[in-house]
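# got a structure for you, letters missing:
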């Protein structure tokens, strides 16, 4: 299959245990969605790998052996999922060279006193870091963007207003049918910015 000359970029809205992935293909002036899917970042057969830093009743898990086992599962699941994702993209003739990860927070978990909230922060850190490492190991240049800054950063990179970016991203969703949720839009906006 011949390769399409238009550039491609992946956008990922990272959550606890999974990410929404959107592959956009250029040109930057008129991007189109090439693919959208969910990428598992945990092992569905091991429920505690979705929230590895949580112990019973919302407490912070402190057992080092359990944490090591769970974080190893997360790394293996992310490596498998990203490998399958990139192979699927390649078989479709559209291989991205760059990606953006949209995250809710980059706060240092050590700065959080509440153990339950710290568990959530540790999980956010784990999933975004593992996904970024796996994508970089696969040869993709990566950027991390806070959710609340995605549209402003995309507007600056694309030379448009935030409203123009939002309108274009919303319109992109109509081309694929089905639901086009906020996570999809954020991933698409981040991918579009990486095309610029």
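Cool, the structure landed. Because the structure is a prediction, the values reported are computed rather than measured.

# From residue 102, how far off is residue 149?
To residue 102, residue 149 is 9 Å away according to CB to CB, to the nearest Å. For every residue, glycine as well, the C-beta is placed using N, CA and C.

# which residues sit against stretch 6-13?
Residues outside stretch 6-13 that contact it (CB atoms under 8 Å, 6 or more residues apart in numbering): 19-28, 34, 39, 89, 94-102, 131, 135, 140, 147, 183-184, 186-192, 194-195.

# What about these, which are in helices?
Among those, the residues falling in helices (DSSP state H) are 89, 131, 135, 183-184, 186-192, 194-195.

# Residue 149 and residue 102: who's more crowded?
Using other CB atoms under 10 Å, the more surrounded residue of residue 149 and residue 102 is residue 102, with 28 against 11.

# pLDDT at that one, what is it?
With respect to pLDDT, residue 102 has a value of 98.

# Hmm, it is touching residue 184, no?
No - if you go by CB atoms under 8 Å, residue 102 and residue 184 don't touch, sitting 10.8 Å apart.

# Tell me where the model's unsure across this structure.
Applying pLDDT under 70 to the chain flags the ranges 1-5.

# repeat that for 80
Scanning the chain with the threshold set as pLDDT under 80 gives 1-5, 56-58.

# what ranges do the strands span in it?
Secondary structure of the chain (DSSP state E): strands at 8-14, 18-25, 32-40, 98-103, 141-146.
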